[in-house]
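Trainee: Need the 3D shape of this:
(2 chains)
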Amino acid sequence: DAKTTQPPSMDCAEGRAANLPCNHSTISGNEYVYWYRQIHSQGPQYIIHGLKNNETNEMASLIITEDRKSSTLILPHATLRDTAVYYCIVRVARYGGSQGNLIFGKGTKLSVKP
Amino acid sequence: GAVVSQHPSWVICKSGTSVKIECRSLDFQATTMFWYRQFPKQSLMLMATSNEGSKATYEQGVEKDKFLINHASLTLSTLTVTSAHPEDSSFYICSASPPVVPGGQYFGPGTRLTVT
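Mentor: Below is the predicted model of the structure:
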């Protein structure tokens, strides 16, 4: 799995958009970008994933640069409940657990403030 | 959507006793499940990979005789911490890969173990 780099922490005002960057300059052509978050004392939660096109779901949007060397997770209207550690993970996509476990880095601690 | 549950959500036990943690995939079958451990202010670290119908694969440094894993069905994996000690106190999390998200995993809510 390609290595990712994220800022250790970020602050965001409640109601504003939170933009979380991730660098993955060594990403391979068949590797996807996945985002997870972990709210304090809970298991990680899947947010979104993508290959090269921008993706949007009910939780967030994922913007991947044309060269795929970086991406941004966007929470359009951050709430206090979005305070969590956000993890960007790059890996090949296969169904089932055959490609093994997810490897978590240190992620970005997002603090949403009133 | 795919759901993974864990039971119990928290447990306190005395040193020397054993504790069993259950991980269930509620609406999908999982031939492989993963067990992670997380210490305070640290990231998740994989302990072992649980395979249905076969022996688990343990990460380096994880004692297989201390952390017993059983994956007896396609929806249930259990982790038993035997002869628990205070240093085993941690947050234990399981995960499984549903068919809806290729390459992704869904995680249980975690089990907080405190050994006194």
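Trainee: tell me the contacts of A:Thr4?
Mentor: A:22-24, A:88-90, A:105 (C-beta atoms under 8 Å, 6 or more residues apart in numbering or on different chains). In short, each C-beta sits where N, CA and C put it, glycine included.
Trainee: pLDDT value on it, please?
Mentor: Predicted confidence (pLDDT) for A:Thr4: 94.
Trainee: roughly how far apart are it and A:Leu110?
Mentor: 16 Å (C-beta to C-beta, to the nearest Å).
Trainee: B:Thr82 too?
Mentor: For B:Thr82, the distance to A:Leu110 equals 38 Å [C-beta to C-beta].
Trainee: the more surrounded of these two?
Mentor: Per other C-beta atoms under 10 Å in any protein chain shown, whichever of B:Thr82 and A:Leu110 has more neighbours is A:Leu110, with 21 against 15.
Trainee: Am I right that that one is in contact with A:Pro8?
Mentor: No - contact criterion C-beta atoms under 8 Å: A:Leu110 and A:Pro8 do not qualify, at 10.7 Å.
Trainee: that older thread, and the two most separated of the contacts of A:Thr4?
Mentor: A:Asn23 and A:Ile89 (12.9 Å; C-beta to C-beta).
Trainee: any low-confidence regions in chain A?
Mentor: A:1-2, A:94-100 (pLDDT under 70).
Trainee: Any idea which residue is closest to the centre of it?
Mentor: Closest to where the C-alpha atoms of chain A average out (C-alpha atoms, centre = their mean) is A:Trp35, at 2.9 Å.
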